[in-house]
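Student: build the 3D model from these lines:
(one chain, ligands or ions: 1)
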Amino acid sequence: MYLTVHATAGLLIGQQLSNPLIGFFTGVLSHYILDFIPHGDEFIGKFSTKKKLLIGSADFIVALSVGWWLISQNYLQLNPVIIFTILGTFAPDFLWGSAMIIKMPWLEPINNLHHAVQRSRPDISPSAGILLQIILLWTSVIILLWK
Ligand SMILES: [Zn+2]
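Tutor: Predicted coordinates for the structure are as follows:
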């Protein structure tokens with residue numbers, strides 16, 4: 001699932017918590033739960049490492065832009081709990097991306113768990129997956145704007 005969807009989920013979750021450490025690990029857990037939902041971006045796995053990192057970087061910039069917009073419009077007050085929750089939502093994909101660049105054997109069990117979650121659900125078409133991710137993103141933003 002794209003980082004933008006994970007990050008907005010992290011914004012929602014982080015608003016409900018009061019401890020940064022709990023926020024971080026709740027963010028990590030939310031990442032695995034969202035990745036368990038069929039989301040149609042498995043085709044990215046067939047791309048070259050360079051292209052995967054380019055897509056991940058663009059996704060990261062979109063995620064930061066959505067967060068920046070919510071903060072600049074005063075829909076959201078950034079605090080350490082929200083920051084750590086978002087870092088938790090990013091962690092599994094950042095660790096996976098880091099292992100593509102630099103081999104770190106200690107990351108293998110973490111990345112194997114990530115792959116196991118990704119492989120444990122059925123695939124859906126990229127267009128259905130993108131639509132689902134847009135719906136999830138939009139739902140999260142609407143809930144954030146509602147408050
Ligand atoms: Zn993931």
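Student: and L70, what pLDDT?
Tutor: pLDDT, L70: 87.
Student: what about it, distance to the ion?
Tutor: In this view, L70 and the ion are 22 Å apart by Cβ to the ion, to the nearest Å. For the C-beta atoms, the positions are set from N, CA and C on the backbone; glycine is no exception.
Student: repeat for L29
Tutor: Counting by Cβ to the ion - L29 and the ion are separated by 12 Å.
Student: same check, this time on F94
Tutor: Counting by Cβ to the ion - F94 and the ion are separated by 10 Å.
Student: elements contacting the host helix or strand of that residue?
Tutor: F94 belongs to helix 80-101 when assigned by DSSP states H and E. Helix 80-101 is packed against helix 3-16, helix 20-36, helix 49-72, helix 108-119, with contacts defined by 3 or more Cβ pairs under 8 Å, 6 or more residues apart in numbering; DSSP states H and E.
Student: what do you get if the cut-off is 6 Å, keeping everything else the same?
Tutor: The contact analysis (3 or more Cβ pairs under 6 Å, 6 or more residues apart in numbering; DSSP states H and E) places helix 80-101 against helix 3-16, helix 20-36, helix 108-119.
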